[in-house]
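Visitor: would you be able to build a 3D model of this:
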Amino acid sequence: MFQFNSFNMFPDISRPFNNSYKCYSVSMFPGNDRQDVEKGGKIIMPPSALDQLTRLNIEYPMLFKLTNNKKSRTTHAGVLEFVADEGKIYIPYWMMHNLVLEEGDLIQIESVSLPVATFSKFQPQSPDFLDITNPKAVLENALRNFACLTTGDLIAIKYNSKIYELCVLETKPGNAVSIIECDMNVEFAAPVGYQEPQRQPKAEEPMEDEPMHHIDSQNFFPFSGEGNRLDGKKKKNEKPPLHHIAKNHVRGIPDYDHPPFGLLRFDRSVKAISDKPEPKAEPENNNAAHFQAFQGPGSSLRKSRK
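Guide: Next up is the predicted model:
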């Protein structure tokens, strides 16, 4: 008698995806060079994995936990394509380095659901990362090829034909987060080997209000320099320099003990006024009586027609 087994017709959708595969780097992928895998955090899986995932009750986007049981190393990744050979997967080289894997080692892959990222902190592994004009924009553009981040991973991004490594120091709200369509705050720690520039103390400037007693008053001649004309010509009637005239000049020193207040007296007495010299009398001009103004002949600027 024919017996019908229902579990043969319908798979157990509550069972999670959990399989083992041989792991290889992208450089071992047959056919063509897949540099797009090296630029991000996604892997290539076989078609049988897609057929099994479609039969299970999993959440999208598909995220996976990769575990190297021999070294107890774990990371997380997304999937790029299902075109690998059966029983094999291809992952980026930086991911193999984090998992301490060799070509052909077995790796355990399990489907997981990760919270959406809200915060992440990165530490560049070289001070050369600071030479980039806008490091935050470069990192944001590179993370578009990633599906998730794991605390402790050492990711690699490529910019201007140079590879920069960054360590994921912290992620929130968990140690592994999804960064697909999220609003995430990013911070940077000081790069490994970075040294703060040493600030040199400024040279002390002389005080402006210092007394000038140190100047030799016997040999000081103010305005003793030579002047020059702007047109380049020599000056006329040049006078001898002042230091030849004022040889016995002594520069005065102000009396700092002089009282600030005093009394000014203006003598306006009759005696003071009478002491002024009388103005000299102008000589009399005998011809003033005979002087008549505007008595000369007149002339017209316009000639007459006659």
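Visitor: stretch 61-73 - what's its average pLDDT?
Guide: The average pLDDT within stretch 61-73 is 93.
Visitor: what does it rub up against?
Guide: Contact with stretch 61-73 is made by 17, 43, 53, 74-79, 91, 95, 98-101, 105-114, 147-148, 176, 178, 180, as judged by CB atoms under 8 Å, 6 or more residues apart in numbering. Using the backbone N, CA and C atoms, a C-beta is placed for each residue, glycine as well.
Visitor: so Lys136 sits right up against Glu187, yeah?
Guide: No. Using CB atoms under 8 Å, Lys136 is not in contact with Glu187; the gap is 9.4 Å.
Visitor: in ChimeraX, how would I select the buried members of the contacts of stretch 61-73?
Guide: With 16 or more other CB atoms under 10 Å as the criterion, this ChimeraX line picks the buried residues out of the contacts of stretch 61-73:
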select :17,43,53,74,75,76,77,78,79,91,95,98,99,101,105,107,109,111,112,114,147,148,176,178
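Visitor: narrow the contacts of stretch 61-73 to those in strands?
Guide: Those of the contacts of stretch 61-73 mapping onto strands are 43, 74-79, 91, 106-112, 148, 176, 178, per DSSP state E.
Visitor: residues touching the residue found closest to Glu103 once you drop the neighbours it is linked to in the chain, list them.
Guide: Spatial nearest neighbour of Glu103, excluding adjacent residues (CB to CB, 6 or more residues apart in numbering): Tyr24 at 5.6 Å. Tyr24 makes contact with Lys88, Ile89, Tyr90, Ile91, Glu103, Gly104 under the criterion CB under 8 Å, 6+ apart.
Visitor: pull up the gap between Arg229 and Lys162, please.
Guide: 62 Å (CB to CB, to the nearest Å).
Visitor: do Pro259 as well
Guide: 78 Å.
Visitor: quick one: the strands in this structure, in order.
Guide: Assigned by DSSP E, the strands in the chain fall at 18-25, 42-44, 63-68, 73-81, 88-91, 106-112, 119-124, 148-150, 154-159, 162-172, 176-178, 185-188.
Visitor: partners of the third one, with directions?
Guide: Put plainly, it is strand 63-68. Paired strands of strand 63-68, with direction, are strand 73-81 (antiparallel), strand 106-112 (antiparallel) (DSSP bridges).
Visitor: excluding its backbone neighbours, what's nearest Leu169?
Guide: Per CB to CB, 6+ apart, closest to Leu169 is Lys121, 4.5 Å.
Visitor: same deal with Tyr21?
Guide: Excluding the flanking residues, the one nearest Tyr21 by CB to CB, 6+ apart is Ile89, at 4.5 Å.
Visitor: residue contacts, Phe146?
Guide: Neighbours of Phe146 in contact, by CB under 8 Å, 6+ apart: Gly40, Gly41, Lys42, Gly78, Ile155, Ile179.
Visitor: tell me the one of those residues nearest Pro191?
Guide: Ile155 (14.6 Å; CB to CB).
Visitor: the closest one: how many residues sit nearby?
Guide: Ile155: 23 surrounding residues under other CB atoms under 10 Å.
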